[in-house]
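> Got a predicted structure plus its sequence, pasted below:
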Amino acid sequence: TAIVNKAFDVGIPVFVLDRDLSNERYTQFVGSDNMKIGRAAGEYAVEYLGGAGRAKGNVVEIWGGMGATPAKQRHAGFYEVIGKEPGIKVINGPVDGDWKQHLGYEIMARLLQQHPRIDLVYAHNDPMAYGAYLAASDAKRAKDIAFLGIDGIPDEGVKWVYEGALTATFLYMTPGAEGLRQALRLLHGEAIEKRVTLPTMTIDRSNALEILKAHGILN
């Protein structure tokens, strides 16, 4: 934040992508709404576990970077929804997977030893969710657990949904292309908004194949 503010304060246009700042001393922010994505994951979890007012199950949450704004917001949005369901229990304390697949595996392997029943895993990105799936698969328990991730990159999360490893993922659109489009608009003298929020979507077996075909990954 401090470095960005220095540039902005001397009149250099600053485009902030993906990770928000603690103030608004920048030209434009371009990124996804992590709270909204977290809520979407929470709503999916509630529906999967029985529906609003009836949902029951033991849930594992695997954080990304504990100090990262996206992780905090993905957690807060998720809890905003599942916190209304007394039948849903998060069985682990905050645990940092640092956005990495191998740490998702290690965390899940430990939790599988500690808990005889796990119904759903919510990981803050797809690689950690996939790592958790691999751990559960090695323990012969994957078929009893739903795995939710975030990102929806076609050759990662979407492919893992299509293959049946992940139950669902939630699109976190990368901001680079839109950031460049917005910067060019500014350079051409056009007015731009202070914040551009990118769209999200739920990806599960109902639409994964269509997305893979659209990106040329499957025919």
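Noted; the coordinates are in hand.

> which SS state does residue 149 fall under?
Assigned with DSSP: H, G, I helix; E, B strand; the rest coil, residue 149 falls in the strand class.

> Quick check: the gap between it and residue 27.
32 Å (Cβ to Cβ, to the nearest Å). Placement of C-beta: from N, CA and C, glycine included.

> Looking at those two, which one has more neighbours?
Remark: of residue 149 and residue 27, residue 149 carries more neighbours, 34 against 17, as counted by other Cβ atoms under 10 Å.

> Bridge partners for the most centrally placed residue in the chain, pull those for me.
Note on the chain: the residue nearest the mean C-alpha position is residue 150, at 2.8 Å, using Cα atoms, centre = their mean. Residues in a beta bridge with residue 150, per DSSP bridges, are residue 170.

> per-residue pLDDT, it?
Looking at residue 150, its pLDDT reads 98.

> contacting residues around it?
37, 41, 74, 123-126, 157, 169-170, 172 (Cβ atoms under 8 Å, 6 or more residues apart in numbering).

> hmm, 7 Å instead?
Contact partners of residue 150, counting by Cβ atoms under 7 Å, 6 or more residues apart in numbering, are 37, 41, 74, 124-126, 169-170, 172.

> Can you show me the strands along the protein?
Secondary structure of the chain (DSSP state E): strands at 15-17, 28-32, 57-62, 88-90, 120-123, 146-151, 168-171, 195-198, 202-203.

> between the third one and strand 146-151, how many degrees?
Strand 57-62 runs at 30 degrees relative to strand 146-151, counting by axes from the mean of the first three to the mean of the last three Cα atoms, to 10 degrees.

> likewise the second one?
Here strand 28-32 points in a direction 160 degrees away from that of strand 146-151 (the same axes, to 10 degrees).

> Rounded mean pLDDT for strand 28-32, please.
Confidence over strand 28-32 (mean pLDDT, whole number) is 95.

> shaky segments in the chain?
By pLDDT under 70, the chain contains no weakly predicted segment.

> Show me where it has its helices.
2-9, 34-48, 69-82, 101-114, 126-138, 159-163, 176-187, 208-214 (DSSP state H).

> between those, which gets nearest to residue 90?
helix 69-82 (7.6 Å; Cβ to Cβ).

> Quick one: work out the angle between that closest one and strand 28-32.
Going by the same axes, to 10 degrees, helix 69-82 makes 50 degrees with strand 28-32.

> Counting neighbours, which bits of helix 69-82 end up buried?
Using 16 or more other Cβ atoms under 10 Å as the test for burial, helix 69-82 gives 70-75, 77-78, 81-82.

> Just list what it packs against, helices and strands only.
In this structure, helix 69-82 makes packing contacts with helix 34-48, judged by 3 or more Cβ pairs under 7 Å, 6 or more residues apart in numbering; DSSP states H and E.

> So what angle separates the directions of the helix it packs on and strand 57-62?
150 degrees.

> Counting by contacts, list what helix 34-48 packs against.
Counting contacts by 3+ Cβ pairs under 7 Å, 6+ apart, helix 34-48 packs against helix 69-82, strand 120-123, strand 146-151, strand 168-171.
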